[in-house]
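K.L.:
Please work out how this folds:
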Amino acid sequence: MLSTSTATLSTSTATLSTSTATLSTSTATLSTSTAMLSTSTATLSTSTATLSTSTATLSTSTAALSTSTATLSTSTAMLSTSTAMLSTSTAMLSTSTAALSTSTEEGRAPQVRP
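P.N.:
Next comes the predicted model:
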């Protein structure tokens, strides 16, 4: 009976040792998992901050693009107006040149042939 009790105690002690070792391993794994979770949370926070900054930069760039497009449209309209004015001025110059030529011809004294 004593032998059986001693064997049972030995088995129980061995089982306790195994359970203690398993508990230690589980505790270490839990610590590692907790550290990884902390790192992942920090990385997520950084990524979120970066995303916010990128979104703000995108908004600013979009606004700048809109402004540039509006400025380009205005400049194009001004160029069209200037081109039309240049065409009108060129036509007026041609008319004035023709009128000057006519006036010069009319103002010449008649040539008498000998």
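K.L.:
all contacts plus neighbour counts: C-alpha atoms, from now on.
P.N.:
OK.
K.L.:
Poorly predicted segments of the chain, please.
P.N.:
Along the chain, the parts satisfying pLDDT under 70 run over 105-114.
K.L.:
The same query, at a cut-off of 50, please.
P.N.:
Low-confidence regions of the chain, defined here as pLDDT under 50, cover residues 109-110.
K.L.:
Can you pull up the most central residue in it?
P.N.:
With the centre of the chain defined as its mean C-alpha position, the nearest residue by Cα atoms, centre = their mean is L58, 4.2 Å away.
K.L.:
How many residues are close by T32?
P.N.:
The number of residues packed near T32 is 12, by other Cα atoms under 10 Å.
K.L.:
I meant T60, not that one.
P.N.:
12.
K.L.:
tell me the SS of it?
P.N.:
Using DSSP: H, G, I helix; E, B strand; the rest coil as the criterion, the local structure at T60 reads helix.
K.L.:
how close does it get to M1?
P.N.:
According to Cα to Cα, to the nearest Å, T60 stands 87 Å off from M1.
K.L.:
again, but for T39
P.N.:
Taking Cα to Cα as the measure, T39 and M1 are separated by 56 Å.
K.L.:
Settle it for me: which of these two has more neighbours?
P.N.:
It is T39, of T39 and M1, that has more neighbours when counted by other Cα under 10 Å, with 12 against 6.
K.L.:
Contacts only, for the more buried one.
P.N.:
Under the criterion of Cα atoms under 8 Å, 6 or more residues apart in numbering, T39 has no neighbours.
K.L.:
Relative to the whole chain's centre, how far out is whichever strand or helix holds it?
P.N.:
For T39, the element it lies in under DSSP states H and E is helix 2-107. Mean C-alpha position of helix 2-107 versus that of the full chain (Cα atoms, centre = their mean, to the nearest Å) differs by 5 Å.
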